[in-house]
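> let's see this in three dimensions:
(4 chains)
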There are 2 protein chains.
Amino acid sequence: MSQNKRAELIRKALLLFYRNGFHATGMDLVARETGVSKTSIYKHFRTKDELILAVLRLRDENFRNWLFRRMEELSATPQGQLLAMFDALGEWFLEDGYKGCMFIKASAEFQDPDDAINVQSYAHKRLLLDHFHALAKAAGVAEPDVLARQFLLLKEGAIVIAAMSHSAKPARDAKQVAQLLIGQ
Amino acid sequence: MSQNKRAELIRKALLLFYRNGFHATGMDLVARETGVSKTSIYKHFRTKDELILAVLRLRDENFRNWLFRRMEELSATPQGQLLAMFDALGEWFLEDGYKGCMFIKASAEFQDPDDAINVQSYAHKRLLLDHFHALAKAAGVAEPDVLARQFLLLKEGAIVIAAMSHSAKPARDAKQVAQLLIGQ
DNA sequence: GATTAAATTTACCGATCTGTTCACCTAAAC
DNA sequence: GTTTAGGTGAACAGATCGGTAAATTTAATC
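Numbers count the residues shown, from 1 in each chain, chains lettered A, B, ... in the order given. Got it, this is the predicted structure:
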């Protein structure tokens, strides 16, 4: 399988898992929808879990690239970028097929703390936290650790409520809190 | 089946679904672990989904009763109760077997907005919102609607991050933000 | 104690689950 | 033209899925 075909398989599998859930999406469906035979899939991924891990790696890369770039597009200052995150989230919430955070759902379906899928899901959140922390530090905030964690809380809360309520309003609510936190 | 046995079945099924997830928990396991034959279960619940709905009803009742009572125990004033919510959450996060919010996980596994399970999961969040709103109004807050939604965001964010990070710290981080919001 | 209703056991249904095997196809390399 | 590598579909494991049928046991009613 070429590198392109492999990437395409992971990309299509991502959409399936995101739309239908992990346990609810069988490998027969993955094979049918991606056009790659099950035999080939299992030649490149030893188990379904390994495919899911590859999907999560792609998602992590795509999501962080998108979010961080969008934050930079919307503002040039660290403070501005932190606040702009909620505008970016608001755009995401309005997208067709928005179904919440894939990593929250992955860690919800694979709850064992030792499970690689659970571990990798939380690793994504820590990478976000690191970025928030760097921005908070660059912004000269008094306690960048605390602010980064608080921004993560607001982000995850907004994502969950936006998904459950089918609304983008949580992004605005969270941004108001963020403005208060950042003293602006 | 007596009312007691039925309640016991739902109670045990709740633990199974909470610990293992909904799709990952089969009805054979439910029958085995509850000691109620599958035939009997299906005499009282037409489908697995109906059992899940009964489980969610129990969870909604138990959780709101516990949370609201604990908030009242910790403070006598509306403002104090709103803040005390995060102390109560912190206690919950430290409990053995804490695995996050059952309703977030239910709506993540049953994503169809028309699915009764999805609808009922969001209904739970709206009931929480109503309570926060009443407290905010009683506290004389300028914009009780906004504050209630912001408190819900903080709560859900803390729940999710506490589950993923296996830590109770998000409760303290969220409380700090809440104190700022409530102007105290 | 006989009758009746409810709950149980046990086996089963067809479908689907993850994962494998196998016979075949195709296309490039030599 | 033959080899080789990688792909395919389709059938197949063995287990489990949600859900059911029938026979049997239990328990309450008269």
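
> and DNA strand C, is the helix or strand harbouring A:A54 touching that?
Element membership for A:A54 (DSSP states H and E) is helix A:48-74. Yes: on the criterion CB under 7 Å from any atom of the strand, helix A:48-74 is in touch with DNA strand C at A:K48, A:D49. Heads up, the C-betas are built off the backbone N, CA and C, glycines and all.

> quick check: next helix or strand after that helix?
Following helix A:48-74 in sequence, per DSSP H and E, is helix A:78-94.

> and A:A116, how many neighbours?
Using other CB atoms under 10 Å in any protein chain shown, A:A116 is surrounded by 14 other residues.

> now A:E50
14.

> A:S75 too?
Neighbour tally, A:S75, other CB under 10 Å: 15.

> phi, psi of it?
phi -160, psi 150 (degrees, to the nearest 10).

> do the same with A:A142
According to degrees, to the nearest 10, A:A142 has phi -60, psi -50.

> any idea how far it lies from A:R46?
49 Å (CB to CB, to the nearest Å).

> in chain A, which spans are helices?
Taking DSSP state H, the helices of chain A run over residues A:3-20, A:27-34, A:38-44, A:48-74, A:78-94, A:102-109, A:116-138, A:144-165, A:169-181.

> domains of chain A?
A:1-45, A:57-181 (automatic domain parsing).

> what's the closest of these to chain B?
Between chain B and those, the shortest separation by CB to the nearest CB is 3.2 Å, and it involves domain A:57-181.

> re the thing from before, near DNA strand D at all, the helix holding A:A54?
No: between helix A:48-74 and DNA strand D, judged by CB under 7 Å from any atom of the strand, nothing touches; the nearest distance is 12.0 Å.

> packing partners for that helix?
Helix A:48-74 sits against helix A:3-20, helix A:78-94, helix A:102-109, helix A:116-138, with contacts defined as 3 or more CB pairs under 8 Å, 6 or more residues apart in numbering or on different chains; DSSP states H and E.

> got the angle for the last one vs helix A:102-109?
Taking axes from the mean of the first three to the mean of the last three CA atoms, to 10 degrees, one finds that helix A:116-138 is oriented at 140 degrees with respect to helix A:102-109.

> A:M27 versus the residue lying farthest from the centre of chain A, what's the distance?
Centroid-distance maximum for chain A: A:T39 at 29.6 Å, with CA atoms, centre = their mean. Distance, A:T39 to A:M27, using CB to CB: 11 Å.

> re earlier: which stretch in the domains of chain A has the least confidence?
Looking over those, mean pLDDT reaches its minimum on domain A:1-45, with a mean of 90.

> just the closest residue of chain A to DNA strand C, please.
A:G26 (2.8 Å; CB to the nearest atom of the strand).

> let me have the helices and strands packed on helix A:48-74 in CSV, adding distance to B:N65 as columns.
Compiled in CSV, these are given as follows (distance: least, CB to CB, whole Å):
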stretch, distance to B:N65
helix A:3-20, 34
helix A:78-94, 32
helix A:102-109, 24
helix A:116-138, 30
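
> and the helices of chain A as TSV, adding distance to B:A162?
Below are the helices of chain A laid out as TSV (distance: least, CB to CB, whole Å):
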stretch	distance to B:A162
helix A:3-20	24
helix A:27-34	32
helix A:38-44	36
helix A:48-74	21
helix A:78-94	21
helix A:102-109	12
helix A:116-138	11
helix A:144-165	10
helix A:169-181	18
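
> what residues does chain A put near DNA strand C?
So chain A meets DNA strand C at A:23, A:25-29, A:38-39, A:42, A:46-49 (CB under 7 Å from any atom of the strand).

> show the buried residues in those.
Neighbour counting by 16 or more other CB atoms under 10 Å in any protein chain shown classes A:T25, A:K48 among these as buried.

> identify the farthest-apart pair in the residues of chain A next to DNA strand C.
A:H23 and A:T39 (22.5 Å; CB to CB).

> buried set for the helix holding A:A54?
A:48, A:51-56, A:59-60, A:63, A:67-68, A:70-71.

> next one: stretch A:103-117
Residues A:F103, A:I104, A:K105, A:A106, A:S107, A:A108, A:E109, A:F110, A:Q111, A:I117 are the ones in stretch A:103-117 that count as buried (16+ other CB under 10 Å).

> closest to B:R11 among those?
Distances from B:R11 to the buried residues of stretch A:103-117, taken by CB to CB, are shortest for A:Q111, at 19.8 Å.

> ok, and the closest non-adjacent residue to the closest one?
B:K99 (5.5 Å; CB to CB, 6 or more residues apart in numbering or on different chains).

> tell me the contacts of the one you found?
Neighbour list for B:K99: A:Q111, B:Y18, B:R19, B:K105, B:A163 [criterion: CB atoms under 8 Å, 6 or more residues apart in numbering or on different chains].

> residues near the third one, how many?
Applying other CB under 10 Å, we find 12 other residues in the vicinity of B:R19.

> quick check: it vs A:H166, distance?
29 Å.

> got it, and the last one?
Distance of B:A163 to A:H166, given as CB to CB: 23 Å.
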